[in-house]
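>>> one predicted model, sequence on top.
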Number of protein chains: 2
Amino acid sequence: MARAWHLTSRPQGLPTNENFALKEIDLPPLGPGMVRIRNQWLSVDPYMRGRMNDVKSYVPPFQIDQPMEGGAVGEVVESTAAGFSPGDRVLHMAGWRDEAVVDARTANKLPPLQVEPHLFLGNLGVTGATAYFGLLDVGQAKAGDIVFVSAAAGAVGSAVVQIAKAKGMTVIGSAGGEEKCEFVRSLGADQVVDYKAQPILKGLAAAAPEGIDVYFDNVGGDHLDAAFALARMRARFAICGMIEGYNKAEPASFRFIMRVIAMRIRMQGFIVFDFQSRMDEFYREMGQLIASGQLQSRETVHEGLESMPDAFRGLFSGENVGKMLVRI
Amino acid sequence: MARAWHLTSRPQGLPTNENFALKEIDLPPLGPGMVRIRNQWLSVDPYMRGRMNDVKSYVPPFQIDQPMEGGAVGEVVESTAAGFSPGDRVLHMAGWRDEAVVDARTANKLPPLQVEPHLFLGNLGVTGATAYFGLLDVGQAKAGDIVFVSAAAGAVGSAVVQIAKAKGMTVIGSAGGEEKCEFVRSLGADQVVDYKAQPILKGLAAAAPEGIDVYFDNVGGDHLDAAFALARMRARFAICGMIEGYNKAEPASFRFIMRVIAMRIRMQGFIVFDFQSRMDEFYREMGQLIASGQLQSRETVHEGLESMPDAFRGLFSGENVGKMLVRI
């Protein structure tokens, strides 16, 4: 019998385990063009918090008492779809569960790169593509630029640090606590700011005495304000996430937002799906960085479907270093 | 004897008349290539508040006990410069005073357009160019777009409303009080929101049920937050000014800034001087709009050099409709 995590109530602020329930589900019969998949890796991502609110956004909200969704890698165990055979590894969106029956058009066979399959949820998946397109396209970061990236020990942030270094930029990363800072340093960051040891503004001012050209934002709030304060002329801000605000009701306040004018700052929000048509370029470039050893991957792995809500909540307590995953 | 307004102390919050003093100044002798100008019109602009702080910005701060500067139109009364003769009308930056001796290279003879000279401080000057390039270049506003402009009864805002209407856009303007709202309506705005009669968020939501494509920001604060709340997909924000914050110590807070991500909002600060090389295009286009009657000008005029600080402080109490000027 398959099981899936259901959203039983909408979280107020930080989610609790009471917002979720693991329930048995009936899998539909395998109609034509469908595949049955046994999941092996489930992606655990901050953006999922937004889908738990009843707000229209770029993805529809999760429905109460319905199974949740998310990125997953699994093995085809049964197929009526041309081109899919048992044993094929596929990437698909029916996560938060152990087994799924999906239309084969919504599943993608893993590209033939010689890497571990869970990387297609991380540096070779949505996470890596977010870092790649956000830094280079949205942020227009170029060799020689001073790049500041927040949550640099996280899944997206750690990819940004390494791509930026591989492309000849100076990189300043922020992270919370000595262990994470050490990890960010190990990725090649030129400067690391521990935002738990001092106010981020003070730390960034010391780490970037000449200011910053690009800010890759995963955090929002005080981090974004510090970036306003330190931005150089014509700085570009790629706004990827604002995790500091996801569980908060209070508005964020900004002392330095007025510098947008004098410094001609350009701030641009983006979603990785905007770059769907350029995934070939992404696989080619990221494949090379991985093959050359310039892009390391690190994961924080929880074991078993049962651990999914704990893993998810861990994103907001800063538990993960690198990509958060659940292995089934 | 010439007189000039001096900054005697840096304002804390809203400036008072005690921050300024009108003093006699010695004019330098007329060396080669110089002109002596008798000022007739002085420009009074919100950005001058920034120069009263001791902060490096896109223009250097005013110095204590030194004459202040600003846009001015005057008549040449003496010249040692080729191409300048007594009687010529010139636009220059030695405002806040009645008479000035300047290097002729820093003075521009008024372009040969058949309009009143003070327009070169308004719709045909920095004010109009700010509106023109901010709306069309920074905001990338196109026919059919829904454009929201704050402080729409002000100098820049009233130009934005009219340029946008002339270019086939739907325009929503905000202003404070019924008289100003009526003025904005008279300029052709499709909707006007009185931000003193209701919270701007509520007013904008009612005026723009389908949302906005472009926001031209002169105000910041709650106006900017309302624009975040109502932005449609790929909305562009041209950030020209944030007058709400110029005299405030408290940071601005934003409930809806996170919509930058889902809506892919692009926010871009700018200064009109970035477009110096395109002033020919500006005079041509604005000259046509004025000749065709599509661009009206309105001024709030204070009389006499003595009134300059009052006129300046009036910008922050919302006294002016259209461009604030002092006539000497």
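Perfect, I can see it now.
>>> C-alpha only now, for contacts and for neighbours.
OK.
>>> got the residues of chain A near chain B?
A:57-58, A:239-242, A:250-256, A:258, A:260-271 (C-alpha under 8 Å from any C-alpha of the partner chain).
>>> count of residues packed around residue A:196?
Using other C-alpha atoms under 10 Å in any protein chain shown, the number of residues around residue A:196 comes to 12.
>>> list buried residues within the residues of chain A next to chain B.
When the residues of chain A next to chain B are checked for burial by 16 or more other C-alpha atoms under 10 Å in any protein chain shown, the buried set is A:239-242, A:252-256, A:258, A:260-271.
>>> from those, which land in helices?
A:260-262 (DSSP state H).
>>> just the helices in chain A please.
A:48-51, A:126-133, A:155-166, A:178-186, A:200-207, A:221-230, A:259-262, A:279-291, A:308-314.
>>> just the buried residues of the longest one, please?
By that I understand helix A:279-291. A:279, A:282-283, A:286-287, A:289.
>>> want to throw these into a markdown table with pLDDT?
Shown next, in a markdown table, are those (pLDDT from 0 to 100):
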| residue | pLDDT |
| --- | --- |
| A:279 | 90 |
| A:282 | 95 |
| A:283 | 92 |
| A:286 | 94 |
| A:287 | 91 |
| A:289 | 95 |
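>>> would CSV of those with distance to residue B:222 be doable?
Compiled in CSV, these are given as follows (distance: C-alpha to C-alpha, whole Å):
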residue, distance to residue B:222
A:279, 39
A:282, 40
A:283, 43
A:286, 42
A:287, 46
A:289, 45
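>>> could you list the low-pLDDT ranges of the stretch 51-200 of chain A?
Regions of the stretch 51-200 of chain A meeting the criterion pLDDT under 70 are absent.
>>> picking that back up, the helices of chain A: which one's closest to residue A:193?
Closest to residue A:193 of the helices of chain A, according to C-alpha to C-alpha: helix A:200-207, at 5.7 Å.
>>> tilt between the closest one and helix A:221-230?
40 degrees (axes from the mean of the first three to the mean of the last three C-alpha atoms, to 10 degrees).
>>> show me what helix A:200-207 is packed up against.
strand A:191-194, helix A:221-230 (3 or more C-alpha pairs under 8 Å, 6 or more residues apart in numbering or on different chains; DSSP states H and E).
>>> quick one, which of these is nearest to residue A:34?
Closest of these to residue A:34 is helix A:221-230, at 44.1 Å (criterion: C-alpha to C-alpha).
>>> so how far is that closest one off the chain centroid?
Centre-to-centre, helix A:221-230 and its host chain are 21 Å apart (C-alpha atoms, centre = their mean, to the nearest Å).
>>> residues contacting that helix, please?
A:148, A:150, A:200-201, A:204-205, A:208, A:211-212, A:215, A:217, A:242, A:244-245, A:252-257, A:259-260 (C-alpha atoms under 8 Å, 6 or more residues apart in numbering or on different chains).
>>> not counting sequence-adjacent ones, nearest residue to the closest residue to chain B within the stretch 51-200 of chain A?
Proximity of the stretch 51-200 of chain A to chain B (C-alpha to the nearest C-alpha) peaks at residue A:58, 5.6 Å away. Spatial nearest neighbour of residue A:58, chain neighbours left out: residue B:262 (5.6 Å); criterion: C-alpha to C-alpha, 6 or more residues apart in numbering or on different chains.
>>> do I have it right that the one you found meets residue A:268?
No. Applying C-alpha atoms under 8 Å as the test, residue B:262 and residue A:268 come out as separate, 10.7 Å apart.
>>> what is the burial count for residue A:61?
Residue A:61, neighbours per other C-alpha under 10 Å, totals 17.
>>> for residue B:257, see how far away it is.
For residue A:61, the distance to residue B:257 equals 19 Å [C-alpha to C-alpha, to the nearest Å].
>>> again, but for residue A:55
15 Å.
>>> quick one: which of the two has more around it?
Per other C-alpha under 10 Å, whichever of residue A:55 and residue B:257 has more neighbours is residue B:257, with 22 against 12.
>>> residue A:21 contacts residue A:7, correct?
Yes. In this structure, residue A:21 is within contact of residue A:7 by C-alpha under 8 Å, at 6.6 Å.
>>> what sits against the residue lying closest to residue A:196 once chain neighbours are set aside?
Excluding its sequence neighbours, the residue lying closest to residue A:196 (C-alpha to C-alpha, 6+ apart) is residue A:176, at 5.2 Å. Each residue near residue A:176 by C-alpha under 8 Å, 6+ apart is listed here: A:151, A:194-197, A:318.
>>> picking that back up, export the ones in helices among the buried ones among the residues of chain A next to chain B to JSON lines and tack on pLDDT?
Formatted as JSON lines, those follow (pLDDT from 0 to 100):
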{"residue": "A:260", "pLDDT": "97"}
{"residue": "A:261", "pLDDT": "96"}
{"residue": "A:262", "pLDDT": "94"}
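>>> contacts only, for the residue nearest to residue A:58.
Residue B:262 sits next to A:57-58, A:269-271, B:233 when contact means C-alpha under 8 Å, 6+ apart.
>>> strands - which of those residues land there?
Per DSSP state E, strands hold the following members of those: A:269, B:233.
>>> using CSV, please lay out the contacts of residue B:262 together with distance to residue A:163.
Converted to CSV, the contacts of residue B:262 look like this (distance: C-alpha to C-alpha, whole Å):
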residue, distance to residue A:163
A:57, 29
A:58, 26
A:269, 20
A:270, 18
A:271, 18
B:233, 29
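>>> quickly name whichever of the contacts of residue B:262 is closest to residue A:88.
Of these, the one sitting nearest to residue A:88 (C-alpha to C-alpha) turns out to be residue A:271, at 28.7 Å.
>>> can you pull the contacts of that closest one?
Applying C-alpha under 8 Å, 6+ apart, the residues near residue A:271 are A:130, A:240, B:261-262, B:264.
>>> now residue A:94
Counting by C-alpha under 8 Å, 6+ apart, residue A:94 makes contact with A:68-72, A:100, A:102.
>>> do residue A:22 as well
A:3-6, A:306.
>>> now it: how far from residue A:8?
For residue A:22, the distance to residue A:8 - C-alpha to C-alpha - is 10 Å.
>>> give me the neighbour count for the residue nearest to residue A:7 when sequence neighbours are not counted.
Once flanking residues are discounted, residue A:7 sits nearest to residue A:20: 4.8 Å by C-alpha to C-alpha, 6+ apart. Number of residues near residue A:20 (other C-alpha under 10 Å) recorded here: 21.
>>> kindly report the same for residue A:292.
10.
>>> ok, now how distant is the residue lying closest to residue A:295 once chain neighbours are set aside from chain B?
Distances taken as C-alpha to C-alpha, 6+ apart place residue A:289 nearest to residue A:295, at 5.4 Å, with adjacent residues excluded. According to C-alpha to the nearest C-alpha, to the nearest Å, residue A:289 stands 28 Å off from chain B.
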